[in-house]
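**Student:** Provided below for reference: sequence and predicted model.
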Amino acid sequence: DSPFEDEYVVTEGIVSADFQAESLGGFFVQDRKGDGDKMTSDGVFVRHKASWSYDVSVGDHVRFEGKVVEYYGQTQMESIYSGDLIYCGTGTINPTKPPLKHYSKYTEAYEGMLVRFPRHYEVTDTYGLKYGEIWLSRRGVVETPTNQFRPGSRAAERFANRNISTSFMIDVGGFSDVLDSADDTLRLGARTRNVIGAVGFSFGDYGVVPVHEVVFTSRNPRPGMPDVEGDLIVGSYNVLNFWTTLGGRGAEDSGQYDAQLSKLVDAMMGMDADILALQEIENNDATIMALRDALNTAEGADVWAWVGPAPQNDYPIRNEILYRSDVVDQIGLPMTLADPAFDTIRPGDDPGEEIGRRPLAQLFEYDGERFTIVVNHFKSKGSPCDSIGDPDAGDGQGNCNLTRVRQAEVVLDFVDDLIAEHGEPDVLVVGDLNAYLKEDPVKTLEGGLENLVTEYDSDPYSYNFFAMFAAPWIGRGLLDHAFGTESMADQVEEVMV
């Protein structure tokens, strides 16, 4: 924070960037020479709209009196009136070219200044695009360290620090021409270069506000529908809180619901799967039946079937299975696993939800051969498990790692029990494990099952997480997995993510 906060001061400098007519509603002013200290900024943001008492332009040399404020973490000046501003001529601010490593570590030292990053950079996160926020990286799309290295290792730590030191955010704000024209989207891996802009701070992050149109070149076109080898195709799909109850975790209104359902059906039909193992669907029978009915409508025939109800805990979402009844036969009823690893309620939890979603298993028969599918959705990293003795260990695996490990151990026992009960050794274990490739829960499952994804894909990823509160343990990685018993793995022809 500025030592002059809430004080009126007089300053002068060159207008380096003008956003008075944009959503920022102000301009940046910078000392022409600076103070020579790399650890202090030579610029500041001035809140003032063009429609107010005066309008400045880039290159104006101005002197004015204003109030210093900290606006949600950004040092800026405001309460400047026309009589308090004096034009002193014109000048030029040449953008500073900070080493990216220094900028990433000491970004506050550049707050309010005009900077330039002249090299090529690739889009590594677009989650905040609706707010104009795009993360760029010098080393391509950032990968989650624990997707490549064991948690807590020096290699993982070095990789994590490198990720942060080679990444920065731009805030395109009022600029709208940032989408690839090919498919009207902006995908990871798209490339841009020579970014020039002023450094601002908003919503908890520093961002470079470009003074020019940012143009991206697509380098990662959207892939077509999967074309998987094999006689029988199984798909695993996290439906991202598909709810028929509006206003809950899913759609807020009927319009959002219709859009979500339409996208899900299009994607599922495009997978050309015979069995769909689903995660994150509302915990009631009506929702899975609504999805089943929508698939049958799209198919034009009643070929999609639901395995039916199974004992569930009270967690708001659950795992489910749909299948094509014209391709496979359901043998017996579905089974869930009741165990403290999934049914424990954390002390003090409101509204007292169980810690996880029970695994769901179903025996099928295809062409005279029987096999079992187990669909899973392990505990997320989002909420803490400190109250049950499972805090974030700081090794990159996030909250509740021991809980996920215990869930993996229980699933291995569940598989053994299913084999013993059915007398069938072919078991497929799929789902969203909320754990990356080198993390403990995945390694636990690999101790008893074959990892089918890594067998067929050398660079798999299914999710991109770039929230700065979790930095430096951010980036793309594989959270959605497939495992098989040895006899099942021998029959798998291909796996695609």
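**Tutor:** Now that the structure is in, tell me what you want to look at.

**Student:** So what's the residue count around Asp339?
**Tutor:** 18 (other Cβ atoms under 10 Å). (Each C-beta comes from the backbone N, C-alpha and C, glycine too.)

**Student:** neighbours of the closest residue to it other than its chain neighbours, just the number please.
**Tutor:** Leaving aside its chain neighbours, Asp339 sits nearest to Val410 (5.1 Å; criterion: Cβ to Cβ, 6 or more residues apart in numbering). A total of 16 residues lie near Val410 under the criterion other Cβ under 10 Å.

**Student:** now swap in Phe117 and tell me
**Tutor:** 22.

**Student:** The residue nearest to Asp339 should be in a strand, yeah?
**Tutor:** No - Val410 is assigned helix when assessed by DSSP: H, G, I helix; E, B strand; the rest coil, not a strand.

**Student:** what's near enough to touch it?
**Tutor:** 337, 339, 341-342, 359 (Cβ atoms under 8 Å, 6 or more residues apart in numbering).

**Student:** can you give me the strands for the stretch 1-150 of the chain?
**Tutor:** Remark: strands assigned in the stretch 1-150 of the chain by DSSP state E, counting those that start in this stretch are 8-19, 26-30, 43-47, 60-71, 74-78, 85-90, 114-125, 133-137.

**Student:** what's the angle between the second one and strand 8-19?
**Tutor:** What that stands for is strand 26-30. 110 degrees (axes from the mean of the first three to the mean of the last three Cα atoms, to 10 degrees).

**Student:** rewinding a little: neighbour-wise, which of the contacts of Val410 leads?
**Tutor:** Phe342 (26 neighbours).

**Student:** what residues are up against that residue?
**Tutor:** Contacts of Phe342 by Cβ under 8 Å, 6+ apart are 313, 354-359, 407, 410.

**Student:** quick one: which of the residues you listed is nearest Gln491?
**Tutor:** Nearest to Gln491 among these, counting by Cβ to Cβ, is Pro359 at 21.7 Å.

**Student:** So what's the residue count around Ser236?
**Tutor:** By the criterion of other Cβ under 10 Å, Ser236 has 24 neighbours.

**Student:** now do the one 5 residues further on
**Tutor:** By other Cβ under 10 Å, 15 other residues sit near Asn241.

**Student:** cool, Lys130 as well?
**Tutor:** Using other Cβ under 10 Å, Lys130 has 7 neighbouring residues.

**Student:** for Ile80, same thing?
**Tutor:** So Ile80, with other Cβ under 10 Å, has 21 neighbours.

**Student:** Out of the contacts of Phe342, give me the one that has the most neighbours.
**Tutor:** The most crowded member of the contacts of Phe342, judged by other Cβ under 10 Å, is Gln407 (30 neighbours).

**Student:** Is that residue located within a helix, as I assumed?
**Tutor:** Yes - assessed with three-state DSSP, Gln407 lies in a helix.

**Student:** Check whether it really touches His377, as I assumed.
**Tutor:** No - with contact defined as Cβ atoms under 8 Å, Gln407 does not reach His377; the gap is 9.5 Å.

**Student:** re earlier: output the strands of the stretch 1-150 of the chain in CSV, with mean pLDDT and distance to Arg158 appended to each entry.
**Tutor:** As requested, the strands of the stretch 1-150 of the chain are arranged in CSV below (pLDDT from 0 to 100; distance: least, Cβ to Cβ, whole Å):
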stretch, mean pLDDT, distance to Arg158
strand 8-19, 94, 36
strand 26-30, 95, 35
strand 43-47, 94, 33
strand 60-71, 92, 35
strand 74-78, 92, 32
strand 85-90, 92, 47
strand 114-125, 95, 18
strand 133-137, 93, 16
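
**Student:** so which of these comes closest to Thr185?
**Tutor:** strand 114-125 (10.8 Å).

**Student:** For the closest one, enumerate the helices and strands it packs against.
**Tutor:** strand 133-137, strand 191-202 (3 or more Cβ pairs under 8 Å, 6 or more residues apart in numbering; DSSP states H and E).

**Student:** Among those, which comes closest to Ile275?
**Tutor:** Per Cβ to Cβ, nearest to Ile275 of these: strand 133-137, 36.6 Å.

**Student:** what sits up against that closest one?
**Tutor:** Taking Cβ under 8 Å, 6+ apart as the rule, strand 133-137 contacts 121-128, 142, 163, 166-172, 178, 186, 192, 195, 203, 205, 207, 214, 466.

**Student:** Identify the contacts common to Gln407 and His377.
**Tutor:** Gly356.

**Student:** quick check, nearest of the contacts of Phe342 to Asn241?
**Tutor:** Set against Asn241, the nearest of the contacts of Phe342 by Cβ to Cβ is Arg357 (12.3 Å).

**Student:** Gly13 versus the closest one, what's the distance?
**Tutor:** 57 Å (Cβ to Cβ, to the nearest Å).

**Student:** going on from the helix or strand of the chain with the lowest mean pLDDT, what's the next piece of helix or strand?
**Tutor:** In the chain, no helix or strand scores lower on mean pLDDT, DSSP states H and E than strand 463-465, which sits at a mean of 88. Per DSSP states H and E, the first helix or strand lying C-terminal to strand 463-465 is strand 475-477.

**Student:** Can you name every helix or strand that that following strand contacts?
**Tutor:** Using 3+ Cβ pairs under 8 Å, 6+ apart, the elements in contact with strand 475-477 are strand 463-465.

**Student:** Determine the number of other residues adjacent to the spatially closest residue to Val303 that is not a sequence neighbour.
**Tutor:** Leaving aside its chain neighbours, Val303 sits nearest to Asp326 (4.8 Å; criterion: Cβ to Cβ, 6+ apart). For Asp326, the count of nearby residues is 12 (other Cβ under 10 Å).

**Student:** cool, and Glu353?
**Tutor:** Considering only other Cβ under 10 Å, Glu353 is surrounded by 14 other residues.
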